[in-house]
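Chemist: Next comes the sequence, and after it the predicted model I'd like to discuss.
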Amino acid sequence: MKQAGKAWRVRAMATVLLPLLFCGRAAPAVPAMPSAPAASVPARPLRVCVLDEDYAPFSFPAREGPGQFLLRRAIERQGGALEITHVPWRRCIEGVRAGTYDAVLGAAANASFFSFLSFPERDGRADPRRSLGSLEFRVMQRRGEAPRWDGQRFSAVEGPVLYGAGIVIVRDALARQGVDASDNAKTSAQLMRMLVAHRADAIVVRQHEAQKLMREAEFQGRLDLLPQPLVAFDGYLAVRREWKEAYPPYVEAVWDEIGRLRAAPDWPATARVLLNDATTP
């Protein structure tokens, strides 16, 4: 269920009612935390915008995903506060650019963002060890048709390849392929309905969400998700440059804690619980 525009805050508490998030199940194990680092804590919450549809493995609009969990724990670790708002992706990016939000969850380190967003870096490049996880965009087509994408190039595609509104990394990947493209659809479900209705020969969708949607009655047995990704990327907590410059030790400490949590031996099991097997066939 979408909750666009709905904001919620999390104050730093070691116990933050985690069991309630798992409906009676044991909360995910989290490594013991050492003493807090010395970083100036901002006077107000970090305002983060998040996509208002399933964005596994980063976030979900109706419950906490792995990326949201990592961010919340990292903010708690610094003694700070967090405010999350679920909005469409294009509105999220433009909102960060305009200063409505301080950060975006799950952004790729794309050059088009570098003028207004900061990413965790190492040796002058985005540091994947401090990312929130990785995601693949795949090409989807109608079942029974010859493959339109072989991992290297498109073929036999009439009309534009469709993808979700405002997704820059997909736009750039399609531009490199030299194919016509359109991002008029807001959700993956809309894209899949357009494909079923023969309004496009190929669409580009997020792998995890597409696998989940393909099990629904209206799509079951009608579509194929091609195995070769169009593009794969690491998703980051990307922070508005002005906010990073105002609180550099704090932001670096949050990024460091995200990396530490993901490197813990029990993180894969914790992430699976947070995903709740939503994308398992």
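Modeler: Received, thanks.
Chemist: C92 touches E53, doesn't it?
Modeler: No. If you go by CB atoms under 8 Å, C92 and E53 don't touch, sitting 11.6 Å apart. C-beta: built from backbone N, CA, C; applies to glycine.
Chemist: Parallel or antiparallel, list what pairs with the strand ranked longest in the chain.
Modeler: Determined from DSSP state E, the single longest strand within the chain is strand 223-240. If you go by DSSP bridges, strand 223-240 pairs up with strand 103-107 (antiparallel), strand 117-118 (antiparallel), strand 133-142 (antiparallel).
Chemist: Buried residues of that strand, list them for me.
Modeler: Residues of strand 223-240 classed as buried: 223-224, 226, 229-231, 233-240 (neighbour count, 16 or more other CB atoms under 10 Å).
Chemist: Tell me how far the residue sitting nearest the centre point of the chain lies from G79.
Modeler: Central residue check for the chain by CA atoms, centre = their mean: the C-alpha nearest the mean position is that of G106, 3.5 Å away. Relative to G79, G106 is positioned 24 Å away (CB to CB, to the nearest Å).
Chemist: try R260
Modeler: Distance from R260 to G79, by CB to CB: 16 Å.
Chemist: Looking at those two, which one has more neighbours?
Modeler: R260 (19 against 13; other CB atoms under 10 Å).
Chemist: out of C92 and E53, which sits in the busier spot?
Modeler: C92 (25 against 20).
Chemist: The more buried one - nearest residue in space that isn't next to it in sequence?
Modeler: C49 (3.8 Å; CB to CB, 6 or more residues apart in numbering).
Chemist: Contact partners for the one you found?
Modeler: Neighbouring residues of C49 by CB atoms under 8 Å, 6 or more residues apart in numbering: 84-87, 91-92, 95-96, 100-101, 103-105.
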